[in-house]
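Trainee: This is the structure alone, sequence omitted:
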């Protein structure tokens, strides 16, 4: 127990904590900050977010046909509001765009300067909520009306899933802004955590060897099984690092204020057809679990490499292709869109399985190797 | 000299460097071959240049149009109907009817299609360039980048210079030269952005790794007490620096050589080397690529490679300086990576109303990340004419100073 504790202290030195801080600060500003600071990003996005909340308030986590009628009523009411706004604007009346319908049907591509000004005033200077929201509502209505349509070029498995969703009456008709933001946010968080784990875990065992204290350790009563303790210490430190980073990043995510959407099922968001149908909160927990698995797999692999490579050059060089390969092929399938129907259903579990299995086998090999290794000085 | 060679050998013989190099090259080639669907279509430009010359003059364009008319006559015989354009013909054609034509006829049709595309772009050059108002473009860019105050003044002053250059370019007719259609194939972006960015990152990884490895080798292998007490002593670092720089050049040459070699084998650039980089066909996004100087595609490529080589050497030097300060290659690697990203992001943290927003863009990371826009007046906030040479010289001075300081510090260091 004491050795374990001391090994952990060797991993989480103030130097490596500083490294952790630097990596995360830089990656935070480079990758993550945008999705917190600019959420919702700009005008139609803000309306999308607000309408989404309104829908959840009124209709709960999904909208049936009755409720959709009510949604249309709200839309009509708002169109009247817009009509009134236009009628109260003498300039608009003069140009003959005194109702919302006329406003929308107007040939804006060939509009003269003065008429453009009316439009710009409405959208950008006065920022009239009604007009922005109407646009968003129209988009949602359009999606609701197209809900039965299946995209072309689907595989049989995808067809089956679409049919199943249609049968259960699950359609994407809620604003997708929250979940899109979460996809972007969580995948960048995963990148930051991956780099942190690899950077902190990599040097631990190699350091002992370059300091040439391993022969000394072998003569202790604990002997060769010390490696197991080191690996355990590394594993616990990985968990510690991942957990504390996740706490911080999830704390930051709470600033986006998306808890109202937690009960909405992920298939209910527009364009987010998935193989499984958890609620948004369950989905968040799932991706967090995914990040833990990725962190553990890469942490174990880093320790494995650390045990067998001769120097830091090799330690870093060997891990570059694995990390790059994960970022290019794995990240989308495992963290960003783990359940999405773009990817075949088998891919996500297979990828997670392979990742975890290969790192476990690697560590097992390293432990076995240690047992049989010749000791030479 | 022998010591330098032996130091080089440490890198050359390391399986990781070789393995990574092979892996990177394989990846680059994969990307090239994956995007080579249109390589045959590009060859039409070679034919056009062979037949009508590189410059698009009214008379050569007229000839081109006549030849297209002749081809259309041939199409009339083929289809039995007169079309003004092959696109009209294709519009009224369904898949089955198209399949009935022989391979040769299909090739003829697609060739004619390409010719018409190039012809229509060439005919509309004057019209499209007349629409460009550099001053207005400058104003919109200011709004887009939210630049104001003193910085806006600087930007507009440079923009005025660029407007003059733009006029001059049109006078020279640099834009009226044949090149691969930019809107259709995006060859400039593909080569200078995708491929070069990939290569730059790969070279940087290899160079930073090998430099840090060489510089800290003695400490990490615990041989420092022996090596630094020899007659050569701490001057060994000079050999190590020479070896690092040599290896940086070698790595850059190998990566660039193998990848670009295959690239130009796959895509036939043989006829367009002398085409101006500011060609109207090199217009990909909402503004054409316009260089500050009259550069041909070949010259641009060489200039960019030159810049990259210098930048790589400077990165190697800086890594070396940091390595001997930190004496730990692991930390060095992350420090360099962190510094790279930090410098690259720096303009984002500076208020967009002071000239500093431009000044902090004059950094090596920005330079190597902006390769498609180098020497261009159309590259956003780093469009300044002096961007390249000021960046390079400032950073050369900075690198030398850092190296001297860290070497001096090392010379007095207590080595345990």
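Mentor: Nice, thanks for sending it over. Just so we're clear, the structure is a prediction, and the values are computed from it rather than from any experiment.

Trainee: Tell me the residues of the stretch 1-150 of chain A that contact chain B?
Mentor: A:15, A:19, A:22-23, A:26-27, A:29-30 (C-beta under 8 Å from any C-beta of the partner chain). Backbone N, C-alpha and C define where each C-beta goes, glycine included.

Trainee: of those, buried ones?
Mentor: A:19, A:22-23, A:26-27, A:30 (16 or more other C-beta atoms under 10 Å in any protein chain shown).

Trainee: Which single residue in chain A comes nearest to chain B?
Mentor: Of all residues in chain A, residue A:317 sits closest to chain B, at 3.5 Å by C-beta to the nearest C-beta.

Trainee: So which bits of stretch A:28-36 are buried?
Mentor: If you call a residue buried by 16+ other C-beta under 10 Å, then stretch A:28-36 has these buried ones: A:28, A:30-32, A:35-36.

Trainee: per-residue confidence averaged over it?
Mentor: The pLDDT scores in stretch A:28-36 average 92.

Trainee: isn't the residue of chain A closest to chain B right up against residue B:19?
Mentor: Yes - Residue A:317 is in contact with residue B:19 according to C-beta atoms under 8 Å; the separation is 7.4 Å.

Trainee: More neighbours: which of those two?
Mentor: Using other C-beta atoms under 10 Å in any protein chain shown as the criterion, residue A:317 and residue B:19 rank with residue A:317 on top: 26 against 14.

Trainee: In contact with residue B:388, which residues?
Mentor: By C-beta atoms under 8 Å, 6 or more residues apart in numbering or on different chains, residue B:388 lies in contact with B:307, B:367, B:374-375.

Trainee: on that earlier part again, may I see the residues of the stretch 1-150 of chain A next to chain B organised as a markdown table, with distance to residue A:91 added?
Mentor: Listed next are the residues of the stretch 1-150 of chain A next to chain B as a markdown table, based on distance: C-beta to C-beta, whole Å:
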| residue | distance to residue A:91 |
| --- | --- |
| A:15 | 67 |
| A:19 | 61 |
| A:22 | 56 |
| A:23 | 56 |
| A:26 | 51 |
| A:27 | 50 |
| A:29 | 45 |
| A:30 | 46 |
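
Trainee: between those, which is closest to residue B:128?
Mentor: residue A:30 (37.1 Å; C-beta to C-beta).

Trainee: Which helix or strand contains the nearest residue to the closest one once chain neighbours are set aside?
Mentor: Spatial nearest neighbour of residue A:30, excluding adjacent residues (C-beta to C-beta, 6 or more residues apart in numbering or on different chains): residue B:341 at 5.4 Å. Using DSSP states H and E, residue B:341 falls within helix B:329-349.

Trainee: tell me the mean pLDDT for the helix or strand following that helix?
Mentor: Counting by DSSP H and E, the next helix or strand C-terminal to helix B:329-349 is helix B:356-359. Mean per-residue pLDDT for helix B:356-359: 88.

Trainee: How far away from the center of its chain is helix B:356-359?
Mentor: Remark: helix B:356-359 is offset 23 Å from the chain centroid, using C-alpha atoms, centre = their mean, to the nearest Å.

Trainee: Show me what it is packed up against.
Mentor: Packing partners of helix B:356-359 (3 or more C-beta pairs under 8 Å, 6 or more residues apart in numbering or on different chains; DSSP states H and E): helix B:149-172.

Trainee: Check what contacts the helix it packs on and list those residues.
Mentor: Against helix B:149-172 from outside (C-beta under 8 Å, 6+ apart): B:129, B:132, B:134-135, B:137-138, B:141-142, B:147, B:175, B:278, B:290, B:292, B:294, B:352-355, B:357-358, B:377, B:381, B:383-385.

Trainee: Stretch A:213-231 now?
Mentor: Contacts for stretch A:213-231 (C-beta under 8 Å, 6+ apart): A:3-4, A:7, A:204-205, A:208, A:300, A:303, A:307, A:363, A:366-367, A:370-371, A:373, A:375, A:377.

Trainee: what about it, how long is it end to end?
Mentor: One end of stretch A:213-231 to the other measures 17 Å (C-alpha to C-alpha, to the nearest Å).

Trainee: which of the residues in it are buried?
Mentor: So, applying 16+ other C-beta under 10 Å, buried residues of stretch A:213-231: A:214, A:224, A:226-227, A:229-231.

Trainee: could those residues go into CSV alongside distance to residue A:268?
Mentor: Listed next are those as CSV, based on distance: C-beta to C-beta, whole Å:
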residue, distance to residue A:268
A:214, 56
A:224, 56
A:226, 53
A:227, 50
A:229, 49
A:230, 47
A:231, 44
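
Trainee: could you dump those to TSV with pLDDT and secondary structure?
Mentor: Shown next, in TSV, are those (pLDDT from 0 to 100; DSSP: H, G, I helix; E, B strand; the rest coil):
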residue	pLDDT	secondary structure
A:214	87	helix
A:224	88	helix
A:226	91	helix
A:227	92	helix
A:229	93	helix
A:230	94	helix
A:231	94	helix
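
Trainee: Closest to residue B:410 out of those residues?
Mentor: residue A:214 (29.1 Å).

Trainee: Could you identify the buried members of the contacts of stretch A:213-231?
Mentor: Listed as buried from the contacts of stretch A:213-231 are A:7, A:204-205, A:208, A:300, A:303, A:307, A:363, A:366-367, A:370; burial here means 16+ other C-beta under 10 Å.

Trainee: Please consider this matter closed, and thank you.
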